[in-house]
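Student: the following block contains a protein sequence and its predicted model.
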Amino acid sequence: MRQGVFEVIVELALVYVRNVEVGSIMKIATFLVLLVIMAMPVQASTDCLECHGKNPPKGMSGAGSFDTGLFDSSVHSGLACNDCHNIDPTKKHKGELEVNCSSCHQQEQADLNKSPHAISDSLSQTTLPDCVTCHSGHNVLPVTDPKAPSYHLNSVKICVKCHEDRTITDRVEHMPQPEMIISYENSVHGRALAAGNNDAPACIDCHGGHTTMPSDDPDSPVYKTHIAATCGSCHEEIAREYAGSIHGKTLEEGVLESPTCTNCHGEHDILPSADPISSVYPLNIRQTCSECHASEVIVGKFGLKADRINTFKESFHGVALELEETRAANCASCHGVHNIYPQSDKRSLIHPDNIGSMCGSCHEDLPEDFAQGTFHKSSSDPESGGAFFVREFYWWFIGLIILAFVIYRVLEYKRRVKITE
Amino acid sequence: MNKPLNNRMQQREKIIDQLTENLVESTVAVLPKECDPDTRKKIRHEVSDRITFEANVALNEMVTKYCLPETPREEKQPEQEERTFLRFGKNFRAQHMLMFVSVIILIITGMPLKFPELSISKFLIIDLMGGLENSTLIHRVGAVGLILVGIWHLLYTALTAIGRRDFFLMIPMPKDIKDFWHTMLYFFGRRASGPKFARFSFIEKFDYWAVYWGMIIMIGSGSIMWFKELFPKFAFDISREAHSDEGLLATLSIVVWHFYNVHFNPGVFPMSWTWWHGRLTESEMKHHHALEYAEIIEAESKEIRAGQNETDNTGGES
């Protein structure tokens, strides 16, 4: 088992002895002493195998057989048993043996200690994930190895093993529902990763690896104010555009109600905008924006205009979207997507300087000054001008005419009945 | 008629007699032996009465079921032969047909846009027509149809004799107000009968001018929206509101008023066929256009008299 290791040890001892300026007998003695000292832990491993090997001696059947093949191919193949298992082989030992990875991996252990995986007290210590849960034991492989369970493409499987298990999620307080996790697998990210795209984000890319923290923790990478940066680690251009927008600016100023990426795109269930059930599909955008812009709480708190969604519904664009015409303008068509600015901002698509060309991006034949008219004005609003008076006139006219028709018919019918009687 | 009826009566009596005889004879065996003759007689009597009654009922039913329908059919014949009067010529009927085809197209492609949230609207636009792009195209086809009707009718009014005559008869007159008042009094039982109308009653004049008004509003506002690049946006906004409201008014008028007149009115249900053959019966003429009817009859009698005079004259000469 130790073939390679012995060679290394011999090599190291030889190098040392050659550089020591002593007599040849002393050199041989030093060499032998070094050899013994350095090989001692390795010797111990071979000792362990006496009991824990493939053929344990009589009366030691409970010792368990140690798969040397798996360990040899692991990243820890150079370590001895006692580097991890602090065991005195001369004494009787049994049961679960505490493994202390932190003696080497201090930073990782410190990170893990901050996460709910380490500090959660709703679970018994045995079901909480530890190093082995994700990295496996003797056959631990580097995360860069495609065969490792903690390899990027495989890592999701580790997380969903517990997070999609209802017997666990029902037992533990504050643990998210499995549906939420399952929805990731159908999302654009989950599907890309499942298809083998190593650039697609797995759980750890957004939530962090050892430092996984709940989203309401201000240090979490998925805390509201950090989400844009987290998404921006891949979607750089968009994150920069968003950071300058009214939504990004306001969030930066500390208004937590202001939307970040996930408020419009969803969290685990992010879908491409071409997917008809995506929250940013052209037909669904109105609904997505209305979550805030038609919410009395948000509109009232920040003094937004409350009628934006309703007046849009009345417009021809709104009617066309209602009738599933995807080409019709939705909120984002005029106001921008990530680059939404107040109308007074020169960069805004609806700034008086830009509005003409914005309309013209769909209506090539419309004159520039067409856009100088009023928008988001219901004809039930007196400020809409002529349309208001037309509407008022027809409201009364239709009512009176139809009423007159019905009265005429009733009178006629009554008279007819009287005559036939 | 009388002979077969008598024969039937005789046959019926014969059958009843036979049945009574058979059944009474067969009951004899069933009667208990210790019955005294008086009771037996009584029973026989009752059985015979009962059978006569039942047979009468059954035969009556048969007679009503199989023999009676012949008589009403014979009576209906003369009705179909009633004299009819041509009210609408071919040209006018064709205008009406193009008009209602266009209007139906315009309503089913237009009304859903006023009520886009209703499932019937979604069905019409998305499922039936395959989306807004198609429905707006179909709407424009209907619009062209309606505009053509408008032009056609104007030409018809200006260039044909009947068109010119009818146009002048359509102009509202003081008599129409009087007729309206008369109708109200009649409805409230203050007059024994309704007013007598000429070729066009005040209701028909109202219908005609309502369509005139509707055509102007719909074609005008529709054209502004169709060619919106030629107009400022406020004109578009007003047109959209007017088009939508006038469209609703027109639809409601057609359903509540016009469909009642020509479909649901108990006198014409399920449909008056005048739009197809253009004719009214003599009784309809007398009832709805009494003055026009009187004029026609007078003109005819004058003609006949003139014809008689001619024949008299020629006869005299020869």
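Tutor: Okay, I see it.

Student: measure A:Ser290 to chain B for me?
Tutor: Distance from A:Ser290 to chain B, counting by CB to the nearest CB, to the nearest Å: 15 Å. The C-beta positions use only the backbone N, C-alpha and C, and glycine is treated the same way.

Student: CA atoms only for the host helix or strand of that residue - export them in CSV, please.
Tutor: Remark: A:Ser290 resides in helix A:285-293, with elements defined by DSSP states H and E. Coordinates of the C-alpha atoms in helix A:285-293 are reproduced here as CSV (Å, rounded to 0.1, in the frame of the first residue of the first chain):
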residue,chain,number,x,y,z
ILE,A,285,-44.8,41.4,-16.8
ARG,A,286,-47.8,43.5,-16.0
GLN,A,287,-48.6,41.2,-13.2
THR,A,288,-45.0,41.2,-12.0
CYS,A,289,-44.8,45.0,-11.9
SER,A,290,-48.2,45.3,-10.3
GLU,A,291,-46.9,43.3,-7.2
CYS,A,292,-45.5,46.7,-6.2
HIS,A,293,-47.0,49.3,-8.5
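
Student: buried ones in that helix?
Tutor: The neighbour-count check on helix A:285-293 (16 or more other CB atoms under 10 Å in any protein chain shown) flags A:Ile285, A:Arg286, A:Thr288, A:Cys289, A:Ser290, A:Cys292, A:His293 as buried.

Student: and the residue of the stretch 201-318 of chain B nearest chain A?
Tutor: Closest approach of the stretch 201-318 of chain B to chain A (CB to the nearest CB) occurs at B:Lys233, with a separation of 2.6 Å.

Student: thought A:Pro367 was touching that residue, still the case?
Tutor: No. The pair B:Lys233 / A:Pro367 is not scored as a contact, 9.8 Å apart, by CB atoms under 8 Å.

Student: the closest residue to B:Ile105 other than its chain neighbours: neighbour count?
Tutor: Nearest residue to B:Ile105, sequence neighbours excluded (CB to CB, 6 or more residues apart in numbering or on different chains): B:Gly142, at 3.4 Å. For B:Gly142, the count of nearby residues is 20 (other CB atoms under 10 Å in any protein chain shown).

Student: B:Thr109 is in contact with B:Gly142, correct?
Tutor: Yes. Applying CB under 8 Å, one finds B:Gly142 in contact with B:Thr109, separated by 6.6 Å.

Student: okay, domains of chain B per the record?
Tutor: For chain B, the domain assignment from automatic domain parsing gives the residue ranges B:7-68, B:85-294.

Student: rebuild these as JSON lines, extending it with distance to A:Gly69 and mean pLDDT.
Tutor: Converted to JSON lines, those look like this (distance: least, CB to CB, whole Å; pLDDT from 0 to 100):
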{"stretch": "domain B:7-68", "distance to A:Gly69": "100", "mean pLDDT": "73"}
{"stretch": "domain B:85-294", "distance to A:Gly69": "63", "mean pLDDT": "93"}
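
Student: can you tell me the residue of the stretch 151-300 of chain A closest to chain B?
Tutor: Closest point on the stretch 151-300 of chain A to chain B, by CB to the nearest CB, is A:Leu283, at 11.4 Å.

Student: is the residue nearest to B:Ile105 in a helix, a strand, or coil?
Tutor: Counting by DSSP: H, G, I helix; E, B strand; the rest coil, the backbone at B:Gly142 sits in helix.

Student: from B:Ser135, how far off is it?
Tutor: 10 Å (CB to CB, to the nearest Å).

Student: to A:Gly244, which of the domains of chain B lies closest?
Tutor: Nearest to A:Gly244 among the domains of chain B is domain B:85-294 (30.5 Å), distances taken as CB to CB.

Student: what comes up buried for the helix or strand encompassing A:Thr262?
Tutor: Following DSSP H and E, one finds A:Thr262 within helix A:261-265. By neighbour count on 16+ other CB under 10 Å, the buried set for helix A:261-265 is A:Cys261, A:Thr262, A:Asn263, A:Cys264, A:His265.

Student: chain A contacts on chain B?
Tutor: Contact residues (CB under 8 Å from any CB of the partner chain) of chain B with chain A: B:112-113, B:116-117, B:121-122, B:125-126, B:131-133, B:184, B:186-189, B:228-229, B:232-234, B:236-238, B:240-242, B:245-246, B:248-249, B:252-253, B:256-257, B:260, B:266.

Student: near the residue of the stretch 201-318 of chain B closest to chain A, how many other residues are there?
Tutor: Applying other CB under 10 Å, we find 18 residues neighbouring B:Lys233.

Student: phi, psi for the nearest residue to it once chain neighbours are set aside please.
Tutor: For B:Lys233, ignoring the flanking residues on the chain, the nearest one in space by CB to CB, 6+ apart is A:Gly373 at 2.6 Å. Torsion angles at A:Gly373 (phi, psi; degrees, to the nearest 10) stand at phi -70, psi -180.

Student: next up, the contacts around A:Gly373.
Tutor: Going by CB atoms under 8 Å, 6 or more residues apart in numbering or on different chains, A:Gly373 touches B:Pro232, B:Lys233, B:Phe234, B:Phe236, B:Asp237.

Student: quick check: the fourth one touching B:Ile224?
Tutor: Yes. Between B:Phe236 and B:Ile224 there is a contact under CB under 8 Å: 6.4 Å.

Student: how about the residue nearest in space to the middle of chain B, phi and psi?
Tutor: In chain B, the centroid-proximal residue (CA atoms, centre = their mean) is B:Val268; its distance is 2.3 Å. When read as degrees, to the nearest 10, the backbone of B:Val268 gives phi -120, psi -10.

Student: and the residue in chain A that chain B sits nearest to, how far is that from A:Leu349?
Tutor: For chain A and chain B, the shortest gap (CB to the nearest CB) falls at A:Gly373, measuring 2.6 Å. Distance, A:Gly373 to A:Leu349, using CB to CB: 16 Å.

Student: try A:Tyr408
Tutor: Counting by CB to CB - A:Tyr408 and A:Leu349 are separated by 54 Å.

Student: these two: who's more crowded?
Tutor: Taking other CB under 10 Å, A:Tyr408 and A:Leu349 do not tie; A:Leu349 has more neighbours (21 against 16).

Student: got a list of what that one touches?
Tutor: The contact partners of A:Leu349, by CB under 8 Å, 6+ apart, come to A:Cys334, A:His335, A:Gly336, A:Asn339, A:Ile355, A:Met358.

Student: what's the farthest-apart pair in those?
Tutor: Farthest pair in these (CB to CB) is A:Asn339 and A:Ile355. Separation: 14.8 Å.

Student: separation between B:Gly241 and A:Gln372?
Tutor: Careful, residue B:241 is Glu and not Gly. Going from B:Glu241 to A:Gln372 by CB to CB gives 19 Å.

Student: out of the two, which sits in the busier spot?
Tutor: Neighbour tally, B:Glu241 and A:Gln372, criterion other CB under 10 Å: the higher count belongs to B:Glu241, 24 against 13.

Student: okay, and the more buried one sits in which element?
Tutor: Counting by DSSP H and E, B:Glu241 is part of helix B:233-253.

Student: immediately after the helix or strand B:His153 falls within, which helix or strand?
Tutor: Using DSSP H and E, B:His153 sits in helix B:132-159. Next helix or strand after helix B:132-159 toward the C-terminus (DSSP H and E): helix B:161-170.

Student: what angle separates that following helix from helix B:132-159?
Tutor: Angle, helix B:161-170 to helix B:132-159, by axes from the mean of the first three to the mean of the last three CA atoms, to 10 degrees: 90 degrees.

Student: distance from the chain centre to helix B:161-170, please.
Tutor: Offset of helix B:161-170 from its chain centre (CA atoms, centre = their mean, to the nearest Å): 25 Å.
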